[in-house]
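> can you look at this prediction? I've put the sequence above it.
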Amino acid sequence: MYDPKTKSERQWSLPIALKSVGGFVYGVEVAPDGTVWFSEPFGNYIGRFDQATETIKQWEVPAPGYGPRRLRTDSKGNVWLPLVSGHLGVFEPENGAVQVFRHAWPEETVASRQHRLPLQPLRGQDRKRGQA
């Protein structure tokens with residue numbers, strides 16, 4: 001973290017090291033409560049840096065190989081995860097739950113003709129295999 005007032009930089013190590021070659025921290029988002037969220041696309045993790053306590057916590061996305069990208073937080077504290085696979089996930093920090101959705105492609109739904117693509121939750125078996 002860079003502090004423009006002191007012109008100094010501080011770094012923190014991740015509790016769970018980057019697992020893959022080319023792994024990196026990506027998609028940084030500051031939530032309304034001041035926590036800093038980030039994704040690790042090739043490691044399949046998301047993480048939170050709490051500025052008040054200077055602690056980092058990481059969670060693995062339970063859809064192997066899906067790769068979280070530029071995440072966003074909402075007013076309820078949820079973290080939305082666009083995934084490299086084209087899926088969408090939502091993480092609830094309060095209980096640690098992650099739900100992954102797959103697209104219902106345009107030819108599968110009338111609503112898509114009106115430019116709205118509904119999302120459907122992955123079934124447990126699909127989630128285990130990392131497939132939709």
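Cool, the structure landed. Residues are numbered from 1 along each chain as shown.

> quick check: the closest residue to residue 2 other than its chain neighbours vs residue 3, distance?
Sequence neighbours aside, residue 9 is the residue nearest to residue 2 in space, at 5.0 Å (criterion: C-beta to C-beta, 6 or more residues apart in numbering). The way it works is simple: take the backbone N, C-alpha and C, and place the C-beta from them, glycine included. For residue 9, the distance to residue 3 (C-beta to C-beta, to the nearest Å) stands at 8 Å.

> spell out which residues are contacts of both of those two.
Counting by C-beta atoms under 8 Å, 6 or more residues apart in numbering, residue 9 and residue 3 have no contacts in common.

> show me where the protein dips below the pLDDT cut-off.
For the chain, applying pLDDT under 70 flags the ranges 15, 17-23, 64-65, 103-132.

> where along it do the helices fall?
In the chain, the helices defined using DSSP state H lie at 124-129.

> ok so, going back, who's in contact with the residue nearest to residue 2?
Residues near residue 9 by C-beta under 8 Å, 6+ apart: 1, 2, 3.

> tell me the one of these nearest residue 102?
Of all the contacts of residue 9, residue 1 has the smallest distance to residue 102: 35.9 Å, by C-beta to C-beta.

> for the closest one, give its distance to residue 9.
Distance from residue 1 to residue 9, by C-beta to C-beta: 7 Å.

> end to end on stretch 49-58, go ahead and measure it.
End-to-end span of stretch 49-58 (C-alpha to C-alpha, to the nearest Å): 9 Å.

> run through who's touching that stretch.
By C-beta under 8 Å, 6+ apart, stretch 49-58 touches 12, 14-16, 34-38, 40, 45-48.

> one step back: any idea which of the contacts of residue 9 has the most stuff around it?
The residue in these with the most neighbours, by other C-beta atoms under 10 Å, is residue 1 (11 neighbours).

> count the neighbours of the residue nearest to that one when sequence neighbours are not counted for me.
Distances taken as C-beta to C-beta, 6+ apart place residue 10 nearest to residue 1, at 5.2 Å, with adjacent residues excluded. A count of nearby residues for residue 10, using other C-beta under 10 Å, gives 9.

> tell me the phi and psi of residue 10?
phi -130, psi 150 (degrees, to the nearest 10).
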